[in-house]
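> what follows is a protein structure lacking sequence information:
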Ligand SMILES: NC(=O)c1ccc[n+]([C@@H]2O[C@H](COP(=O)([O-])OP(=O)(O)OC[C@H]3O[C@@H](n4cnc5c(N)ncnc54)[C@H](O)[C@@H]3O)[C@@H](O)[C@H]2O)c1
Ligand SMILES: [Zn+2]
Ligand SMILES: [Zn+2]
């Protein structure tokens with residue numbers, strides 16, 4: 001079969017690889033009909049995640065048709081149309097019983113990402129996300145093996161297009177968890193750092209929950225323009241404004257700051273030359289730029305919600321400021337499985353239209369070019385969907 005494989009920083013290729021086969025009695029083999037590239041894939045693409053090996057198949061946002069099931073699979077059968085959560089959870093362990101699926105303590109045979117881990121078991125295995133997270137082949141491929149076939153695959157109705165459903169695999173529940181963590185309710189004020197897919201869908205979810213005032217910070221003008229038109233955010237471009245938090249605070253009642261901030265950027269945040277240099281020298285694990293801005297923009301007693309990925313330590317983390325303001329922090333990988341039924345209802349009712357952020361639909365064959373377009377934000381790219389089996393385009397990447 002054909003699959004997108006990793007060969008080093010900035011080098012991904014569509015190769016012919018062996019078809020996946022059933023390993024465990026509760027495995028499923030899925031024929032992928034649509035898969036997307038995520039901002040999290042860019043961390044791998046930039047060579048920023050350890051333990052990604054040459055030849056590893058990437059991709060954790062995908063859906064398709066069940067092709068084959070193991071002897072113990074009862075939840076789905078061949079022919080079912082399903083979306084696959086990027087988090088692989090067993091459904092039965094201490095954490096899964098509390099619906100903390102991303103913390104599943106039984107699926108990850110890798111080391112996990114905690115530096116100071118002591119005896120703590122790693123969190124859940126993830127598709128296509130390094131050997132730290134289990135080394136499970138990803139879904140940017142014609143076919144993929146899906147472990148925990150009775151827990152992960154989520155059946156979806158036939159009448160809705162793949163584009164509408166695909167983001168249930170990751171970025172829609174991630175945005176949803178981010179706004180729930182941020183305690184958004186009617187009248188809330190919110191600052192979202194990052195106008196990528198996660199930031200945009202966070203704005204969509206926050207609007208649906210009644211947020212009144214939403215600021216969005218990025219340096220990418222066309223993404224900010226889209227967010228202003230689609231979700232009514234107040235855009236702040238940090239290429240022209242070097243202290244967005246200060247501008248945000250001045251526009252809130254009593255100059256108190258916003259009720260909550262969402263950091264939808266993570267550890268590769270731009271804007272601090274010192275941190276960029278320190279990170280390149282491996283003296284720093286993460287850029288804390290978006291996190292510091294989030295802490296600064298929030299009012300006393302407010303919430304900082306962090307869906308953006310962080311790895312290792314962050315210097316210049318103003319814990320004293322967070323203490324003085326009495327802030328609450330919530331963060332982490334998304335407990336995808338928990339949110340799918342309610343999010344599907346919102347999509348079916350037309351209250352959420354996650355497909356609106358898609359700008360590029362390309363053949364899986366053209367996936368290497370698609371990574372370049374998404375990474376370099378060419379062609380006003382917001383989100384790319386890859387279609388396995390589609391014919392390669394002579395002009396790959398022309399926007400929709
Ligand atoms: N928690 C989870 O389970 C989960 C799931 C999906 C994605 N993520 C993470 O969410 C983050 C966003 O994902 P995405 O797909 O939207 O990625 P993306 O790379 O498309 O978007 C990130 C955006 O942040 C902007 N940005 C960079 N530095 C900034 C700064 N200092 N201030 C404000 N904006 C800045 C970029 O210009 C870009 O538009 C990534 O870190 C990704 O790994 C986490
Ligand atoms: Zn993702
Ligand atoms: Zn579990």
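Nice, thanks for sending it over. Keep in mind the model is a prediction, meaning the values are calculated, not measured. Ligands and ions are numbered 1, 2, ... in the order given.

> pull the contacting residues for residue 2.
The contact partners of residue 2, by CB atoms under 8 Å, 6 or more residues apart in numbering, come to 14-17, 141-142, 364-365, 388. All C-beta atoms are positioned from the backbone trio N, CA, C, and that covers glycine.

> ligand 2 versus the residue lying farthest from the centre of the chain, what's the distance?
Distance from the centre of the chain peaks at residue 254, with 34.2 Å (CA atoms, centre = their mean). As judged by CB to the ion, to the nearest Å, residue 254 and ligand 2 stand 37 Å apart.

> so that residue: helix, strand or coil?
Secondary structure, DSSP: H, G, I helix; E, B strand; the rest coil: residue 254 is helix.

> any idea how far residue 276 is from it?
Distance of residue 254 to residue 276, given as CB to CB, to the nearest Å: 35 Å.

> what do you get for residue 289?
Taken as CB to CB, the span from residue 289 to residue 276 is 9 Å.

> determine the set of other helices and strands touching the helix or strand hosting residue 385.
Assigned by DSSP states H and E, residue 385 falls within strand 384-387. Judged by 3 or more CB pairs under 8 Å, 6 or more residues apart in numbering; DSSP states H and E, the packing partners of strand 384-387 are strand 28-36, strand 360-363, helix 367-375.

> pick the most deeply packed of those.
strand 28-36 (a mean of 24; mean count of other CB atoms under 10 Å).

> residues in the stretch 201-350 of the chain within reach of ligand 1, list them.
217-220, 223, 238, 264-266, 269-271, 289-290, 307-309, 333-334 (CB under 6 Å from any ligand atom).

> would you format the helices and strands packed on strand 384-387 as CSV with distance to residue 352 and mean pLDDT included?
Formatted as CSV, the helices and strands packed on strand 384-387 follow (distance: least, CB to CB, whole Å; pLDDT from 0 to 100):
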stretch, distance to residue 352, mean pLDDT
strand 28-36, 16, 98
strand 360-363, 20, 97
helix 367-375, 22, 98
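
> and of the ones you listed, who's closest to ligand 3?
Between ligand 3 and those, the tightest spacing by CB to the ion is seen for strand 28-36, at 17.2 Å.

> pLDDT weak spots in this protein?
283-285, 397-400 (pLDDT under 70).

> quick one: contacts for residue 74?
So residue 74 contacts residue 150 (CB under 8 Å, 6+ apart).

> for residue 25, see how far away it is.
11 Å.

> ditto for residue 39
Residue 39 is 35 Å from residue 25, by CB to CB.

> more crowded one of these two?
Per other CB atoms under 10 Å, whichever of residue 39 and residue 25 has more neighbours is residue 39, with 24 against 11.

> these two touch, right, the more buried one and residue 196?
Yes. Using CB atoms under 8 Å, residue 39 makes contact with residue 196 at a distance of 5.1 Å.

> which non-adjacent residue is nearest the residue nearest in space to the middle of the chain?
With distances taken as CA atoms, centre = their mean, residue 171 lies nearest the centre of the chain, 4.6 Å away. Nearest residue to residue 171 in three dimensions, chain neighbours excluded: residue 197, at 5.0 Å (CB to CB, 6 or more residues apart in numbering).

> cool, residue 261 as well?
Closest to residue 261 by CB to CB, 6+ apart is residue 294, at 3.8 Å.

> quick check, residue 296 in contact with residue 321.
Yes. Using CB under 8 Å as the test, residue 296 is close enough to residue 321 to be in contact (7.3 Å).

> those two: which is more packed in?
residue 296 (20 against 13).

> re the thing from before, buried members of the residues of the stretch 201-350 of the chain next to ligand 1 into PyMOL, please.
In PyMOL syntax, the buried subset of these is picked out as below (16 or more other CB atoms under 10 Å):
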select buried, resi 217+218+219+220+223+238+264+265+266+269+271+289+290+307+308+309+333+334
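
> and the residues of the stretch 201-350 of the chain next to ligand 1, which of them are in strands?
In this view, those that belong to strands under DSSP state E are 217-218.

> just read off the phi/psi values of the closest residue to ligand 2 within the stretch 151-300 of the chain.
Of all residues in the stretch 151-300 of the chain, residue 170 sits closest to ligand 2, at 3.9 Å by CB to the ion. With angles defined as degrees, to the nearest 10, residue 170 sits at phi -160, psi -70.

> residues shared between the contacts of residue 289 and residue 276?
residue 270.

> for ligand 3, what is the nearest residue in the stretch 301-400 of the chain?
residue 337 (10.1 Å).

> quick one: residues contacting that residue.
Contacts of residue 337 by CB under 8 Å, 6+ apart are 85, 87, 89, 99, 101, 151-152, 154.

> and which of these is nearest to ligand 1?
Distance to ligand 1 across the contacts of residue 337 (CB to the nearest ligand atom) is lowest for residue 87, with 7.7 Å.

> surely that closest one meets residue 126?
Yes. Between residue 87 and residue 126 there is a contact under CB under 8 Å: 6.3 Å.

> list residues touching both of those two?
Common neighbours of residue 87 and residue 126 (CB under 8 Å, 6+ apart) are residue 333.

> more neighbours: which of the two?
residue 87 (30 against 24).

> contacting residues for the more buried one?
Neighbours of residue 87 in contact, by CB under 8 Å, 6+ apart: 101-102, 104, 124, 126, 152, 333-337.
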